[in-house]
Structures are given as C-alpha cells and as structure tokens.
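> below is the structure, and that's it, no one-letter string:
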C-alpha cells in the first residue's frame, strides 16, 4: 500500500492535506489532540500527559479510551487504506503514549526550524544576503499563532506559547541581519504577525518599529510606538521600557 503524501500546517489554523486534497480533522477534541502531537512531532507524548493537556482538571473516567479512539480515527483519516490494527506511517504507539512521525510529512513547524538553522549558519558565515532570504523563507511558514483557533486549555497553554516564542525570537534574529544589510522589507509581514501575537512584548514592538523605519515607513513606526505606549499605560500602568525608548530615539525625529 502506497503511503499518501501528507502536508500539515500547525503554524496558524491546523490544516491537513492528503495527496493534495484537504481533509477534515474531525471533532474539536480530536483536532486538538492532533495539534498537541504535532507540537511534539518526533517525540513521544505519554497518554497521561495527553490526557492532562486535553482535559486539564475535567478528565472523564474514559479519557484513556477516548485518546485511543481519537488516535485510531486519525490514523485512518491520514491513511484511509490502512488495515485494521496496523501501525500506520504517521501516528505510532510509543510505550505508554503516542508519537507523530514527521519523517514523511511536509510539516510547517519542522520546515521552519530547518530553514531557521540554515539562516543562522549563513549569518554565522557572514553571508548576510543569503541569510536574509533564508530568514524570510523560514518566517513565511507562519500564518498565525500556533494552533490558531483552537480552544487551548491552561495545561497546554505553555506548549503553544513556547512554539510562538520561536517565532518571536526568530523575528528578532532576522531583523539583526536584515535591517543593517538593506533587507528590512523581507521580514515586515512576519514581524507584524509577531507583534499581533505578542502585543505587550516590547522587544518585538521595538524591532517592528526599527524595520518599518528602515523600510521607509516612519509614520507607521510612530503609530506602533504610540499604540504600545497607550496599551502599556492603560493595561499595566507603566511607561515604555528601554527597548521601545531606544527604538523611538533611533528611528523617529
């Protein structure tokens, strides 16, 4: 039996294509379970941890059976011709848990990390034009916050936040390469996304300001500063910190 071609996006709304055709990942909890396994692709996740991540403190007595059922359904969804009780090519039982194997899958999270590694190597080698292009390609894999649209519970929130943190850190890295070498425009779109995901992150907001000014958009940079300043005052009762003040000093008259 031929293994289907699988394309999966989790950096934004979760979407799955099998042999070029988008498939419905099923009910909310089943889709959520798949997202959790994708966030940990290539690593086993115990059934106990999956149960905690899916249900927080509201675990039903049949939680273990429900997880097993969801995994079986997802296996057949990803590989419709899979014989009963067959292990499949993507979702595997690992000791007391499960693992999503992305070795044969086009997974945006894995592609982002691979391209980011290439960009860092190019930057370390002082190949800044190539590095800027690779950062742009890596960051283009993001179409929203990780698992955008899913009702993320308290137990799983740190996992999703840690993946989003990868975007924020990569944007700051990319700006340090792109802006001084005339490539600020390459990273504006992902920087705007990062600023939307983390509206209180002053480093990200300051980085966006710097990139906007370098792209010939000082008025938008000013608007970012004023918006963040008002947000900090209204929500936290504080003034902009050093990163925002320095960005304003550098890029605004």
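Yep, it's here. The structure displayed is predicted, hence computed values, not measured ones. Residues are numbered from 1 along each chain as shown.
> where is the longest helix in the protein?
Looking across the chain with DSSP state H, the single longest helix is helix 157-178.
> confidence score at residue 232?
With respect to pLDDT, residue 232 has a value of 94.
> which ones are touching it?
Residues near residue 232 by CB atoms under 8 Å, 6 or more residues apart in numbering: 200, 202, 238, 239, 240. To be clear about C-beta, it is placed using only N, CA and C from the backbone, and glycine gets the same treatment.
> possible to save those as TSV with neighbour count?
Below are the contacts of residue 232 laid out as TSV (neighbours: other CB atoms under 10 Å):
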residue	neighbour count
200	11
202	17
238	9
239	10
240	19
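> now the helices for the chain?
So, for the chain - with DSSP H - the helices run 28-39, 47-55, 63-78, 108-124, 128-139, 157-178, 188-197, 202-214, 218-231, 242-251.
> now this protein, which segments are flagged as low pLDDT?
1 (pLDDT under 70).
> how's it carved up into domains?
Listed by the TED database, the domain ranges of the chain are 6-106, 199-252.
> need those in a markdown table with distance to residue 131, can you?
A markdown table is the format used below for the domains of the chain (distance: least, CB to CB, whole Å):
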| stretch | distance to residue 131 |
| --- | --- |
| domain 6-106 | 21 |
| domain 199-252 | 15 |
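> which one of those domains lies nearest to residue 139?
Shortest distance between residue 139 and the domains of the chain, using CB to CB, is found for domain 6-106: 9.8 Å.
> so what's the residue count around the closest residue to residue 191 other than its chain neighbours?
In space, and not counting its chain neighbours, residue 191 is closest to residue 208: 4.7 Å by CB to CB, 6 or more residues apart in numbering. By other CB atoms under 10 Å, 27 other residues sit near residue 208.
> so what's residue 208 up against?
Taking CB under 8 Å, 6+ apart, one finds 188, 191, 192, 194, 195, 221, 224 in contact with residue 208.
> kindly report the same for residue 147.
The contact partners of residue 147, by CB under 8 Å, 6+ apart, come to 10, 13, 14, 35, 39, 160.
> against residue 46, how distant is it?
Counting by CB to CB, to the nearest Å, the gap from residue 147 to residue 46 is 20 Å.
> residues of stretch 204-220 that come out buried?
Neighbour counts over stretch 204-220 (16 or more other CB atoms under 10 Å) mark 204-215, 217, 220 as buried.
> burial measure for residue 28, as a count.
Neighbour count for residue 28, taken as other CB under 10 Å: 10.
> ok, and the most crowded of the contacts of residue 147?
Counting neighbours by other CB under 10 Å, residue 10 leads the contacts of residue 147 with 28 neighbours.
> tell me which two in the contacts of residue 147 are the farthest apart.
Distance extremes for the contacts of residue 147: the farthest pair is 13 and 39 at 14.3 Å, using CB to CB.
> could the buried residues of stretch 204-220 go into TSV alongside distance to residue 181?
Below are the buried residues of stretch 204-220 laid out as TSV (distance: CB to CB, whole Å):
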residue	distance to residue 181
204	20
205	22
206	19
207	15
208	18
209	18
210	13
211	12
212	17
213	15
214	10
215	13
217	18
220	21
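> returning to what we had before: how close does the residue nearest to residue 191 sit to residue 197?
Distance, residue 208 to residue 197, using CB to CB: 12 Å.
> just residue 150 next, same as before
Residue 150 sits at a distance of 14 Å from residue 197 (criterion: CB to CB).
> ok, residue 220 next?
Distance from residue 220 to residue 197, counting by CB to CB: 18 Å.
> do residue 138 as well
Separation of residue 138 from residue 197 (CB to CB): 16 Å.
> and if you look at residue 61?
Relative to residue 197, residue 61 is positioned 37 Å away (CB to CB).
> and the two? Which one has more around it.
Just comparing residue 61 and residue 197: by other CB under 10 Å the higher neighbour count belongs to residue 197, 20 against 7.
> I am finished for the moment; much appreciated.
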